[in-house]
Every structure is written in C-alpha cells, then in structure tokens.
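Trainee: Using only what follows, build the 3D model:
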Amino acid sequence: MITIRKSQDRGHARRGWLDSRHTFSFADYHDPDQMGYRTLRVINEDRVEPGQGFGTHPHRDMEIISYVLEGALEHKDSMGTSSMIKPGEVQRMSAGTGVLHSEYNPSNTEPVHFLQIWILPEKRNLKPGYEQKAFPAAERTNRLRLVASRNGRDGSLTIHQDAELYTTLLSKGGKVTHFLQPGRFAWVQVARGGVTLNGQALKAGDGASVSGEKALELSATGDAEVLMFDLA
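Mentor: Numbering: from 1, shown residues only. Got it, this is the predicted structure:
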C-alpha cells in the first residue's frame, strides 16, 4: 500500500528569514495523524535567507541528518565540529546525551535550501557523534546510492537505528527499483522534480509511506532528486 502525503498538506512556518515545510508534526505545527512514520520522526524542508540561521540550541536522543539541495550550510557544535555542508554532502549528528549546535547560511547573496531529517535512535543516552561525507553525482545518477545505514556499509554514514537512506538523481525517463524485504517499510520523499512511484505521480515536496510492497519503482517525468528510506 502506498499513501501519498501531498506537499501542500504539510505544515508551514514562515518567519522573516526562514521558510519551513514540515512533513510531520514539528514545533508549533501539530497533527496527531502526522507524528512520523516508523522511526522516521521529522522531515523539514527549510529555506534560509542569506546571512541568517538557527542560533545555538540543544538536541538529545535523536539521529539528525542534514541534506543540502542548494547553497551551503555552516554547522558548529559543542563537540568542537565546524564544517560547511554543500550539495552532494550529507551530515549525520547523533545528539545522544546532549549536544548544542548552530546552523547558519554564510552567504551574503544566496539562500540555502536543505532538508533536516530526524530518526529516532535505537537506544537513549548514546555518546554524541558527528559524521559528514560527500556522495558524487555520478554515484547517484539514475541509481540508488546508500548514504546512511546502521552498519555504515558501502561507505555510507552510520546511524544508530535499523534504517537505511538512499538518494538518487534521476534524468527524465530514468528509472530505479528498490526491493523491500518482508516486514520492511519505506518512505519516499521527492526533493526536486517529478516522478512516478509504482505508477503514482509525485512532485517536489510530496512524500509517500509504503507498506506491503515487494518492489518500489521510481520513474522520472523530468529531472528529479529523491530520498528513499528503508525502515524496520
């Protein structure tokens, strides 16, 4: 079964420098029917104006993945990390027992457009950690590239949960297929462009929960970028 979550049905928060769309309940947006999917708790699509950002704030007991679509995002945290995240790079921060961090758009002219993803960890009070890796476009074009997994296989980031995150860059007419093992679930999030998922049309900002399917076929109706979560 595939259930589509339309882009326009997401929560929306707008404050001068930030435009944020919430796939699931977050902050002031609360929908008891949209509290996440399996261990996937948050998908926020954020656009931050030049020279603006999120000041230092705390997190704990969450696996946080940042995925930049356009621009650059500057990250600093209480573990001593200072980094810049650009398109093609994926960051994982394990908040664990507690961490402070900030996210800032260092450009004076260009906005930053990114997805912030939260996954519930398999246990509480883990040691905080940070990891960032680049995944070249050639590895993601018209193929699914594993970028995060429980065991960090194939050069992916390591997350503390039985979940896998794949991404793909599809050219018009491009197709990829992902096979779900029995008892597994999936969430598909379209970051850009348009695709069909097992024949059902999805556009940028749309998501879809998947259960009871053996295979997922994504076919691009135009250039597209898609994230696919394989979940316990």
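
Trainee: tell me which strands and helices the helix or strand harbouring residue 209 is in contact with?
Mentor: Per DSSP states H and E, residue 209 falls inside strand 207-210. On a contact count with 3 or more C-beta pairs under 8 Å, 6 or more residues apart in numbering; DSSP states H and E, strand 207-210 meets strand 2-5, strand 185-192. C-betas here are computed from N, CA, C, even on glycine.

Trainee: cutoff 10 Å now
Mentor: Helices and strands touching strand 207-210, by 3 or more C-beta pairs under 10 Å, 6 or more residues apart in numbering; DSSP states H and E, are strand 2-5, strand 40-48, strand 185-192, strand 224-231.

Trainee: Out of those strands, which gets nearest to residue 157?
Mentor: Each of the helices and strands packed on strand 207-210 has some distance to residue 157 by C-beta to C-beta; the shortest is strand 224-231, at 13.3 Å.

Trainee: domain assignment for the protein?
Mentor: Residue ranges for each domain of the chain read 10-134, 137-231, as given by automatic domain parsing.

Trainee: Columns mean pLDDT, distance to residue 4 and mean neighbour count on top of the ones you listed, output as TSV?
Mentor: Below are the domains of the chain laid out as TSV (pLDDT from 0 to 100; distance: least, C-beta to C-beta, whole Å; neighbours: other C-beta atoms under 10 Å):
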stretch	mean pLDDT	distance to residue 4	mean neighbour count
domain 10-134	96	12	17
domain 137-231	97	5	18
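
Trainee: between the ones you listed, which gets nearest to residue 2?
Mentor: domain 137-231 (5.4 Å).

Trainee: That closest one: end-to-end distance?
Mentor: The first residue of domain 137-231 is 24 Å away from its last residue (C-alpha to C-alpha, to the nearest Å).
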